[in-house]
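Chemist: only geometry, no sequence info:
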């Protein structure tokens, strides 16, 4: 074996091995972004707005001249021409907030998983990534609700459903899921921060 072959087969001592496991985050990211962006494609391609509303009882809704019976949390495919420009614009704004927040959160999560796969679970980058993920969840939740609730209320107004026991699609279940996710990430961040402090103490004793 010549010197060039030896140089090619010998890894650089300071280079960290990468497992490539973080690449798998791309697949759920694509799926989630596709799900989040699908309402925008519906508005653009089919000229319909998929709106999720919470119906307290079974009622009949007329869409595009056809009767539809709905109950509970249901998704209505509403033609754009039946809604005001304000309602459609507010709906688009809510989905943009959701898509941007999802993209930023996944980026921070990918950085955290990248550190985990390298065995650097207590690194500064890991702590910063979890902090960024935590703040993203805390910020995006209220911003999305502030945009989506008025959008749903405008749809309810335009469809004449105000007096029929209909509420917006931001249910308490979604609120609990958001709170649970934000609290879980914050617990992980504090655990990583504490683990880093303990690791530094142990390094000082050696």
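Modeler: Okay, I see it. Note that the structure is predicted; figures quoted are calculated from it, not measured. Numbers count the residues shown, from 1 in each chain.

Chemist: just to check, residue 112 is in contact with residue 127?
Modeler: No. Using Cβ atoms under 8 Å, residue 112 makes no contact with residue 127, being 9.2 Å away. Every C-beta, even on glycine, is put in place using the N, C-alpha and C of the backbone.

Chemist: which one's more surrounded, these two?
Modeler: Shown here are residue 112 and residue 127; by other Cβ atoms under 10 Å, residue 112 has more neighbours (26 against 20).

Chemist: quick check on that one: phi, psi?
Modeler: With angles defined as degrees, to the nearest 10, residue 112 sits at phi -70, psi -40.

Chemist: which stretches of the protein form helices?
Modeler: Along the chain, counting by DSSP state H, helices occupy 3-9, 26-41, 85-117, 124-158, 172-205.

Chemist: pull the helix or strand with minimum mean pLDDT from the protein.
Modeler: helix 3-9 (a mean of 47; mean pLDDT, DSSP states H and E).

Chemist: partner strands of the longest strand seen in the chain, with direction?
Modeler: The residue-count maximum for a strand in the chain (DSSP state E) belongs to strand 48-63. Next to strand 48-63 in the sheet, as set by DSSP bridges, lie strand 66-79 (antiparallel), strand 166-168 (antiparallel).

Chemist: since that was my last question, I'll sign off now.
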